[in-house]
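fold the following, please.
(2 chains)
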Amino acid sequence: MDLSFLLAGCGKSMTSFFAMTFLFLFLPSCIIIYAIVPKTWKKYVLLIASYWFFWLISGLLVIYLWLSTLSVFLLGLWLEKLQERMKTKLKALPKEERKAAKIPLIREQRGVVVLGVVLHIGFLLVIKYSGFIIDNVNTLFKMLDSPIRAGVPSYLMPIGISFFSLQAVSYIIDVYHGLVKADRNFFRLSLFMSFFPQIVEGPICRYSQTAEQLWQVGTIRYHNLTFGVQRILYGMMKKIVIADRLNPMIENIFDKSNNFDGGIIALGAICYTIQLYMDFSGSMDAVIGVAEIFGVTMPENFQRPFFSRNISEFWKRWHISLGAWFRDYIFYPVTTAKKMKNLTSSARKKIGNHFGPLLAGSIALFCVWFCNGLWHGAAWSFIFFGMYHFMWILLENITAPAVKWTNTKLHINSECLAYRIMQIVRTALLVIIGELFFRTNGFQAGFALFKRIFTQFSFTGLDARTLYKLGIDWHDLCIVGVTLLIVFVVSLIQEKGIVVRDALAKKNIAVRWGILYALILYIIIFGAYGFGYIPVDPMYAHF
Amino acid sequence: MHKRVSETMKAFIFIAILMLLLSGLSQIMRPKDNKELDWKHDQVAHGILGEPAGTVDVLFFGDSEVFTSIIPLSIWEQQGITSYCCGTSRQSLWYTLQIMIDSFQKQNPKIVVLETNAIFRYFTMDDFILHGAEFFFSVFKYHDRWKSISLNDVVADINNTYVHSEKGFHFAKDIDPASTQDYMSPSKHYAPIPFVDQFYINLIASFCREHGSKLILLSTPSTKNWNMSRHNTTAELAKRLEADYVDLNLLTDEVPIDWSHDTKDKGDHVNIYGANKVTAYVGKYLAHTGILPDHRNDPAYSSWKKDAADFRKKYKQYLT
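Numbering: from 1, shown residues only, chains lettered A, B, ... in the order given. Predicted coordinates for the structure are as follows:
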């Protein structure tokens, strides 16, 4: 009997939490085993399930994850040892000598942190970006008419490496800053690094957020189970009914863009932005829902980003855990560096209190957005994507006093609904333009499409025949529209601070069950799956 | 404890109601007429559902290999045996079983012929689970029919009216020669049958057994899809299932395929010229079993006579 499919077949599809294998085989098995083992074993069930999951999706590449965990475990212990040694040494010294004695000891600890960062980020750079770097070097040589060409390496990259590497780095830095204690329990750290719902697409958790929760898991409670399932279903609706249904159309528009005029390309950019949001936030709903079943509260990764009034707010609501990581481990270290502090204080004297700190802040912001662009992929279009958002945030920062002054002079109430809607629409448009470049293959292709929106704008071609060519029909568009309306209404309620599931839980059983049945049947009937549909991998699993 | 029991009860009731809802929806979403099936659901293969009850004695299943190789109306002309090709492109065994179950509701074929290429088709665990769900609740299969649903789907009974006059055969006259290098070269290796396919082939075999249909495994000629390691595995499988096995790739005297002329796509499938040779042999083989009646003189089968005459006419026009 050939059982090889158990590894190959199951694994590939399970990168999506909406894959049948995950929802109806892997997850229920985990829940059942978890429920029947004694309490003290439950955490180990989660750990084994996590490694089994990673094995299924990445095979032998699980070694990356294990080595990554082992290295941060050892580095954490090393840091702790150095910190304890420093404490003892400083304690033995008179107060006035402590400051000078501290410097080499801190330097030692920094050395360990640098080693950890180099190990993880360096490794990520090698396997994810070396091809891109060498490609560009070769292009440079070609431009200089040099015959030198370097071979472009290719590496097997495990799924989720960009996510767990950042978790590893955050752990080391947090131990260094004394925010968390080095973990002496290898299994607890392993579970933090590998917890299966978050390993593919995040969120990028901090040790202080999830490690202890994961280690203290208890019995599955009815409340957790129902709330978790509800969250998974909501995410499933976003992903299968909206994102996957739009997929053929978006692929056709971007892959055969020459066949379509500016109006269709603009529609493609809007739909792609919707698809990306529904796909990623839908998957996050599933991640958070699965974790909730086991009683683990994961940090939210989205907070209704399309209600943002400017780009900077947008990035506080979109992929929150990545933004927070860049803020804490790039932005703050850069702005609080000694040289930057000096720059800020001298600039403050020369150009005032608003623009003075902006100088150092902008340098830090540049670093953040350069890394953010590059994190999404090894291509110039991604770097452009990062720079595009950097430019808008910088512009917002620079023009903030002028906008405020103008509003005051013109008696414009910036809190009135019309003004807020105008800001929200403007932000959405800027995001959509950015996503257009994000989706196309290369900056030039993106620019050509962007140009065509203005030079060849027309919707005359949007008839049943064009829709057929796009792989979609009016029925599909209608159901996407209705589902978006549902998501919009739910988001609006959430914006008002109401927790929808809590509100529903207070209703009587007929209403609660009615809504749940409606949601389940809605997904079954209107979902883009089965015969004639190609399953769509979660989009952020590739980053 | 009391709380736990009540929560478990609630969960069971919830699931039971969900099953009922799915069952009701399945009744609504299921096409009431096979002519409503779109390309995705292979209308031609489902033409069998429109054939008068109990009139088809042989059913062919499998992927494109079968519907390009077997001409049921030629078998009718030569041997008077009624047969139908329920082959569909890239047919997987779960789908074979599904069409088989549907077609057996009206037909009681004496012989079921399964083209063996489908046995080696890999399909994922996700497909396996989804098709399992489709098997019990057809709403999973026909969910996309919401686009064309009408009141008729709620109130009407099933009445299949579509028939395919060529009985499932797909005509192809293109010629694109194939290389025969390494074709059926000796091998002691056994090609593996994916686990899920093994599961389904067992279900298919027991289904045929339960319905008193003789199962024949047939490997149609294909330089691209067939080889000795697949032959070895299939021969072994046939023994285990107690089914007949005919490998036309080895019967080069009886079925003399000229690979420079009789294939439409470099040996992937035979064309009409190859199909004539394959059908001639298969027709004789079926007649030789001695369990299939000759219906040519039966007035109840006059439509077959007419379809065969029309097919001949079309065939001549198409080739000239």
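
ok, and the closest non-adjacent residue to B:Ser74?
B:Thr279 (4.6 Å; CB to CB, 6 or more residues apart in numbering or on different chains). Where C-beta positions appear, they are placed from N, C-alpha and C, glycine not excepted.

thinking the one you found is in contact with B:Trp76, fair?
No. Using CB atoms under 8 Å, B:Thr279 makes no contact with B:Trp76, being 10.4 Å away.

enumerate the residues of the stretch 201-320 of chain B near chain A.
By CB under 8 Å from any CB of the partner chain, no residue of the stretch 201-320 of chain B approaches chain A.

show me where the stretch 201-320 of chain B has strands.
B:214-219, B:244-247 (DSSP state E, counting those that start in this stretch).

mind putting the ones you listed into TSV with mean neighbour count and mean pLDDT?
Below are the strands of the stretch 201-320 of chain B laid out as TSV (neighbours: other CB atoms under 10 Å in any protein chain shown; pLDDT from 0 to 100):
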stretch	mean neighbour count	mean pLDDT
strand B:214-219	22	96
strand B:244-247	18	96
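
can you name the residues that contact the residue of the stretch 251-400 of chain A found nearest chain B?
Going by CB to the nearest CB, chain B is nearest to A:Ile293 of the stretch 251-400 of chain A, at 13.4 Å. Contact analysis of A:Ile293 by CB atoms under 8 Å, 6 or more residues apart in numbering or on different chains lists A:31, A:220, A:224-225, A:228-229.

and the residue in the stretch 201-350 of chain A that chain B sits nearest to, how many neighbours does it have?
Residue nearest to chain B within the stretch 201-350 of chain A: A:Tyr222 (4.4 Å; CB to the nearest CB). A:Tyr222 is flanked by 14 other residues according to other CB atoms under 10 Å in any protein chain shown.

grab the nearest non-local neighbour of it.
Excluding the flanking residues, the one nearest A:Tyr222 by CB to CB, 6+ apart is B:Glu7, at 4.4 Å.

per-residue pLDDT of the residue in the stretch 201-320 of chain B that chain A sits nearest to, please?
Chain A sits closest to B:Thr233 of the stretch 201-320 of chain B, with a gap of 10.5 Å, by CB to the nearest CB. Here, the pLDDT recorded for B:Thr233 equals 97.

how about chain A, which residue sits the furthest from its center?
In chain A, counting by CA atoms, centre = their mean, A:Pro94 sits farthest out from the average C-alpha position, at 48.3 Å.

could you check how far the nearest residue to A:Ile486 once chain neighbours are set aside is from A:Gly282?
Among residues not flanking A:Ile486 along the chain, A:Met237 sits closest, at 7.6 Å (CB to CB, 6+ apart). The spacing between A:Met237 and A:Gly282, counted by CB to CB, to the nearest Å, is 7 Å.

the two: which is more packed in?
Under the criterion of other CB under 10 Å, the comparison of A:Met237 against A:Gly282 puts A:Gly282 first, with 27 against 22.

would you quantify the distance from that one to A:Met236?
7 Å.

what is in contact with those two at once?
In contact with both A:Gly282 and A:Met236: A:Phe18, using CB under 8 Å, 6+ apart.

where do the helices sit along the stretch 301-450 of chain A?
A:311-317, A:320-326, A:332-335, A:338-376, A:380-409, A:417-439, A:443-455 (DSSP state H, counting those that start in this stretch).

redo the ones you listed as a markdown table? Include mean pLDDT and mean neighbour count.
Shown next, in a markdown table, are those (pLDDT from 0 to 100; neighbours: other CB atoms under 10 Å in any protein chain shown):
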| stretch | mean pLDDT | mean neighbour count |
| --- | --- | --- |
| helix A:311-317 | 94 | 19 |
| helix A:320-326 | 94 | 22 |
| helix A:332-335 | 91 | 16 |
| helix A:338-376 | 86 | 16 |
| helix A:380-409 | 91 | 16 |
| helix A:417-439 | 93 | 17 |
| helix A:443-455 | 86 | 16 |
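
which among the ones you listed is found nearest to A:Leu23?
Taking CB to CB, helix A:320-326 is the member of the helices of the stretch 301-450 of chain A nearest to A:Leu23, at 23.8 Å.

who does the closest one touch, helix- and strand-wise?
Judged by 3 or more CB pairs under 8 Å, 6 or more residues apart in numbering or on different chains; DSSP states H and E, helix A:320-326 is in contact with helix A:161-176, helix A:338-376.

what's the closest of these to B:Ile193?
That would be helix A:161-176 among those, by CB to CB, at 35.2 Å.

next, the buried residues of that closest one.
Neighbour-count burial for helix A:161-176, counted by 16 or more other CB atoms under 10 Å in any protein chain shown, picks out A:161-176.

please apply the same query to stretch B:192-209.
B:192-198, B:200-201, B:203-205, B:207-208.

any idea how far it is from the chain center?
14 Å (CA atoms, centre = their mean, to the nearest Å).

so for it, mean pLDDT?
On average, stretch B:192-209 scores 93.

so where's the stretch 51-200 of chain B shaky on pLDDT?
Residues of the stretch 51-200 of chain B meeting the criterion pLDDT under 70: none.

where do the strands sit along it?
B:58-61, B:83-85, B:111-115.

note down every partner strand of the second one and its orientation.
Looking at strand B:83-85 with DSSP bridges, its paired strands and their directions are strand B:58-61 (parallel).

for the last one, same thing?
Partner strands and pairing direction for strand B:111-115 (DSSP bridges) are strand B:58-61 (parallel), strand B:214-219 (parallel).

skipping adjacent residues, who's closest to residue 98 in space?
This is for chain A. A:Arg98's closest residue in space is A:Leu90 (CB to CB, 6+ apart), at 5.0 Å.

chain B, not that one
Nearest to B:Gln98 is B:Phe135, by CB to CB, 6+ apart, at 6.9 Å.

so how far is chain A from that neighbour?
13 Å (CB to the nearest CB, to the nearest Å).

the residue nearest to the spatial centre of chain B: what's it in contact with?
In chain B, the residue lying closest to the centroid (CA atoms, centre = their mean) is B:Phe61, at 2.3 Å. Counting by CB under 8 Å, 6+ apart, B:Phe61 makes contact with B:86-87, B:91, B:96, B:99-100, B:112-115, B:118.

mind running it again at 10 Å?
B:45, B:67, B:84-88, B:91, B:93, B:95-97, B:99-100, B:103, B:112-115, B:118, B:204, B:218 (CB atoms under 10 Å, 6 or more residues apart in numbering or on different chains).

interface residues of the stretch 201-350 of chain A facing chain B?
A:221-223, A:225-226 (CB under 10 Å from any CB of the partner chain).

other SSEs contacting the top helix by length along chain B?
Identified as the longest helix of chain B according to DSSP state H is helix B:2-29. Secondary-structure packing of helix B:2-29 (3 or more CB pairs under 10 Å, 6 or more residues apart in numbering or on different chains; DSSP states H and E): helix A:222-236, helix A:509-526, helix B:125-136, helix B:139-142, helix B:151-155.

just say which of those is most tucked in.
Neighbour counts (mean count of other CB atoms under 10 Å in any protein chain shown) averaged over each of the helices and strands packed on helix B:2-29 peak at helix B:139-142, with a mean of 24.

for it, name the packing helices and strands.
helix A:509-526, helix B:2-29, helix B:125-136.

just for chain A, where's the confidence low?
Across chain A (using pLDDT under 70), the flagged ranges come out as A:1-13, A:459-462, A:540-543.

domain assignment for it?
A:5-219, A:222-302+A:462-543, A:308-439 (automatic domain parsing).

just how off-centre is the last one within its chain?
Its chain's average C-alpha position is 18 Å from that of domain A:308-439, according to CA atoms, centre = their mean.

wait, what's in contact with the closest residue to A:Ser321 other than its chain neighbours?
Excluding its sequence neighbours, the residue lying closest to A:Ser321 (CB to CB, 6+ apart) is A:Pro203, at 3.8 Å. By CB under 10 Å, 6+ apart, the residues touching A:Pro203 are A:163, A:167, A:197, A:209-210, A:284, A:287-288, A:291, A:298-302, A:319-322, A:324-325.

A:Phe163 and A:Cys205 touch, don't they?
Yes. Under the criterion of CB atoms under 10 Å, A:Phe163 makes contact with A:Cys205 at 9.3 Å.

all set now, cheers.
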